[in-house]
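Peer 1: Give me a 3D structure for the following:
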Amino acid sequence: MSQISQVKTYDDPEKLKLLFLKRAQRKVRHDGTISVNSKLYQVPPVYIGKKVKIRFDQETYDNIYLYENGKCITKAEPVIMADNAHAKRGNPISFAKMTEGGSKNV
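Peer 2: Residues are numbered from 1 along each chain as shown. Take a look at the predicted model:
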């Protein structure tokens, strides 16, 4: 009881929930996604190739939050595979085009 003045209370249970989220680290893939519980989530492209700290409710995996310096930056959005399959990609690499006009094998 001598330290009761140091105990913090929260009126909003949602704020309390955020304190007890599971913490993890993931490396952002070249396509701007991370994997959590075998599902893909899209993060801002500025984090491609970098390790990010994430927090999430390990019972539901509904919301995945990105954290930087202890502060929530953004929420990762689930990748919808049907939409992702039709996304336009930048200049596809073609082996045939690479060999055209290049050096010939001797």
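Peer 1: What segments of this protein are helices?
Peer 2: Ranges of helices in the chain, per DSSP state H, are 13-19, 81-85, 95-99.
Peer 1: mean pLDDT for these: which is lowest?
Peer 2: Ranked by mean pLDDT, the helices of the chain bottom out at helix 95-99, with a mean of 63.
Peer 1: Would you check how far apart the residue lying closest to residue 39 once chain neighbours are set aside and residue 51 are?
Peer 2: With Cβ to Cβ, 6 or more residues apart in numbering as the criterion, residue 39 has its nearest non-adjacent residue at 6.5 Å, and that residue is residue 78. (Each C-beta comes from the backbone N, C-alpha and C, glycine too.) Applying Cβ to Cβ, to the nearest Å, the value for residue 78 to residue 51 is 21 Å.
Peer 1: How about residue 76?
Peer 2: For residue 76, the distance to residue 51 - Cβ to Cβ - is 14 Å.
Peer 1: just for the protein, where's the confidence low?
Peer 2: Scanning the chain for pLDDT under 70 picks out the ranges 83-106.
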